[in-house]
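J.: Provide a 3D model corresponding to the input given below.
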Amino acid sequence: MSTSLVFAMAVTLSVGFYIWKVGINLTLSSVFLGLMLALHGPMYLYYTRVWGPQTKFFETIMSAAPYNDAIGALDLSLAISIVCITLGIGLADFALGISYQQIQAALHSWRTRPVRISEGVARRVEVISIIGLLIIIAVVVFENNIPKIVVYFISDASEVAKIAMRRESGGSRFYLFNLLVSNVLPFCAFCCFIAIRQRSMKLRAIACAFIIAVMVAKASTLSKAPLAIFILQLLVVEHLRKSLDLPLGMAIRFILFGVLLFGAMVLIAIRELHSVGDALDFLFYRMFMIPNESLLEYYTAIPSVIPYGWGSKSSWLISFLAGGPSEPTYLLVGAIHRGVEGSTSTAVFIADAWADFSWIGVLLFSLFAGFFLRLLDIELIVKRGKTVATIAGLALGHYGIFVMLSTALQTAMMTGGLILIVPLVVALSSSLKWVPDNNNGGREQLVTNG
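T.: Here you go, the predicted structure:
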């Protein structure tokens with residue numbers, strides 16, 4: 001049996017599971033599995049069998065592994081990954097005793113009930129917006145970021161020059177601020193946006209200013225994607241206020257808005273593109289071909305040129321014990337195929353899983369990813385329901401999925417904020433106090449309110 005047939009069978013089975021068990025909606029497990037199938041399903045076959053072989057760079061990639069069947073290994077890896085993601089989703093439901101009917105009931109409840117927001121939560125959101133606004137203003141002014149943003153988006157510099165500009169000046173010199181801009185501050189901005197739309201905030205002007213400040217902080221990374229994704233997420237958050245369902249008409253509107261938004265960003269940032277057609281061609285290449293091209297780069301370089309890392313490339317603890325960080329895999333892979341130091345190749349999370357732990361890494365990381373995202377769905381949607389915090393948590397989870405589809409799983413957990421979702425939701429949505437329990441002999445107990 002050919003590897004392409006195995007891959008096609010895995011995709012077909014997963015599509016069936018996706019439609020009949022997960023459903024097409026905005027839950028984290030549905031978005032993750034849907035995007036995996038969209039980016040690395042038929043489009044993967046199109047790249048490796050049709051589009052890629054017509055390009056010179058494809059020949060360069062394949063020349064790194066002349067004696068290994070890299071495409072065959074990648075066929076099987078993607079088949080394993082997609083199947084294990086579906087198994088992880090099903091395993092989470094089984095482990096927590098959640099039935100299909102419970103999921104559907106939770107989705108129906110989300111659709112029919114209003115957003116819950118108490119006065120305590122509204123006050124906390126106001127305080128957070130003030131503190132967040134002050135932090136962003138302080139950093140942006142201290143680092144003089146506004147001129148850099150203007151130069152990046154308005155100048156006629158080439159794409160190569162802007163890439164160099166991003167590497168030299170993108171983001172903040174403070175790592176903690178970069179981390180906050182990636183996860184915590186957007187979460188707080190989503191909370192502010194929901195509170196404004198629910199008319200639950202008194203200091204709406206400050207909340208609006210905070211949301212704009214987060215946009216500025218995203219733009220200061222000197223990259224098109226973070227700002228565009230944040231704006232698109234606000235549109236998704238508006239829809240999440242009403243429903244988790246994703247009917248065809250709404251999906252088309254989201255896609256059209258995303259194409260227009262990213263197309264505008266591309267035309268502004270890349271001056272070599274002179275027409276809408278050029279921008280659309282670039283978007284197709286960037287969204288569907290590059291993810292699969294980068295994935296193939298890893299599989300031809302590893303283990304033919306670079307040996308498996310067995311954890312040495314991804315574990316901060318091992319790097320610490322070794323006395324210093326090792327060179328990241330994405331730099332090594334980029335240097336092999338492009339012959340230039342500093343060139344990077346980032347791909348979906350299974351690329352790093354393959355680089356570090358071979359087949360077992362692909363299997364376990366995919367299983368964990370599906371399990372963990374379904375776990376978040378159950379925690380936010382089934383157990384907690386529609387609140388300001390859970391909507392913001394889902395939006396942050398969508399961003400974490402985007403990170404996972406473009407880099408390592410551990411990066412998605414921390415930088416993408418996946419591991420922070422439940423703590424942030426709990427911190428915002430409940431305060432703790434001791435109250436007497438009249439049904440327990442007057443003894444005190446810890447309860448949540450707000």
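
J.: Please enumerate the helices of the stretch 251-400 of the chain.
T.: According to DSSP state H, counting those that start in this stretch, the stretch 251-400 of the chain carries its helices in the segments 276-284, 290-301, 316-321, 329-338, 349-377, 388-404.

J.: Past whatever helix or strand A161 lives in, which element shows up next along the chain?
T.: Following DSSP states H and E, the helix or strand that holds A161 is helix 159-169. Remark: after helix 159-169, the chain's next helix or strand is helix 175-179, criterion DSSP H and E.

J.: before we move on, the earlier item: mind saving the C-alpha coords of the helix holding A161 as CSV?
T.: Extracted C-alpha coordinates of helix 159-169, given in CSV (Å, rounded to 0.1, in the frame of the first residue of the first chain):
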residue,chain,number,x,y,z
GLU,A,159,10.6,42.5,1.6
VAL,A,160,14.1,41.4,2.4
ALA,A,161,14.9,44.8,4.0
LYS,A,162,11.7,44.6,6.1
ILE,A,163,12.6,41.1,7.2
ALA,A,164,16.0,42.5,8.3
MET,A,165,14.2,45.4,10.0
ARG,A,166,11.9,42.9,11.9
ARG,A,167,14.9,40.8,13.1
GLU,A,168,16.8,43.9,14.3
SER,A,169,14.0,46.0,15.8
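
J.: Are there helices or strands packed against that helix, and which ones?
T.: When contacts are defined as 3 or more C-beta pairs under 8 Å, 6 or more residues apart in numbering; DSSP states H and E, helix 159-169 sits against helix 145-154. (C-beta placed from N, C-alpha, C; glycine too.)

J.: sorry, back to before: ranking the helices of the stretch 251-400 of the chain by burial, who's on top?
T.: Highest mean neighbour count among the helices of the stretch 251-400 of the chain (mean count of other C-beta atoms under 10 Å): helix 388-404, with a mean of 25.

J.: low pLDDT regions in the stretch 101-250 of the chain?
T.: 159 (pLDDT under 70).

J.: which residues in it form helices?
T.: All helices of the stretch 101-250 of the chain, identified by DSSP H, counting those that start in this stretch, fall at 119-142, 145-154, 159-169, 175-179, 185-197, 204-219, 224-240, 248-269.

J.: quick one: contacts for R241?
T.: When contacts are counted by C-beta atoms under 8 Å, 6 or more residues apart in numbering, R241 is found next to V115, I194, R197, Q198, I391.

J.: now, among those residues, which is nearest to A335?
T.: I391 (42.5 Å; C-beta to C-beta).

J.: surely F58 meets G52?
T.: Yes. Contact criterion C-beta atoms under 8 Å: F58 and G52 qualify, at 4.0 Å.

J.: got any residues that touch both of those two?
T.: With C-beta under 8 Å, 6+ apart, F58 and G52 have common neighbours E293, L296.

J.: show me what contacts V181?
T.: Neighbours of V181 in contact, by C-beta under 8 Å, 6+ apart: G171, S172, V214, A217, K218, S220, T221.

J.: quick one: it from F174, how far?
T.: V181 is 10 Å from F174, where distance means C-beta to C-beta, to the nearest Å.

J.: before we move on, what about C192?
T.: Going from C192 to F174 by C-beta to C-beta gives 23 Å.

J.: okay, these two: which has more neighbours?
T.: C192 (28 against 13; other C-beta atoms under 10 Å).

J.: excluding its backbone neighbours, what's nearest that one?
T.: Nearest residue to C192, sequence neighbours excluded (C-beta to C-beta, 6 or more residues apart in numbering): A207, at 4.0 Å.

J.: and if you look at I154?
T.: I268 (7.7 Å).

J.: Ok, F349 next?
T.: Nearest non-adjacent residue to F349, counting by C-beta to C-beta, 6+ apart: L409, 4.3 Å away.

J.: Report the contact partners of that neighbour.
T.: F349, D352, A353, F365, F368, A369.

J.: Ok, R166 next?
T.: Y152, T221, L222, S223.

J.: Just the buried ones among those, please.
T.: Buried by 16 or more other C-beta atoms under 10 Å: Y152, T221, L222, S223, out of the contacts of R166.

J.: Dump those residues to JSON lines, plus distance to V422.
T.: Shown next, in JSON lines, are the buried ones among the contacts of R166 (distance: C-beta to C-beta, whole Å):
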{"residue": "Y152", "distance to V422": "35"}
{"residue": "T221", "distance to V422": "26"}
{"residue": "L222", "distance to V422": "32"}
{"residue": "S223", "distance to V422": "28"}
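
J.: burial measure for the closest residue in space to R111 that isn't next to it in sequence, as a count.
T.: Ranked by C-beta to C-beta, 6+ apart and with sequence neighbours excluded, the top spatial neighbour of R111 is S243, at 4.5 Å. By other C-beta under 10 Å, the residues close to S243 number 17.

J.: S243 and T112, how far apart?
T.: Distance, S243 to T112, by C-beta to C-beta: 9 Å.

J.: Please apply the same query to W51.
T.: 45 Å.

J.: The two: which is more packed in?
T.: Neighbour totals were compared for W51 and T112, and W51 leads with 18 against 9 (other C-beta under 10 Å).

J.: so what's the more buried one up against?
T.: Going by C-beta under 8 Å, 6+ apart, W51 touches M289.

J.: Name the residue closest to the centre of the protein, please.
T.: Nearest residue to the geometric centre of the chain (C-alpha atoms, centre = their mean): F402, 2.4 Å.

J.: what's that residue in contact with, if anything?
T.: Residues in contact with F402 (C-beta under 8 Å, 6+ apart) are I229, G416.

J.: got a pLDDT number for it?
T.: F402 is assigned a predicted lDDT (pLDDT) of 95.

J.: do L373 as well
T.: On pLDDT, L373 comes in at 98.

J.: That one is in contact with G34, isn't it?
T.: No. Counting by C-beta under 8 Å, L373 sits too far from G34 to count as a contact (11.7 Å).
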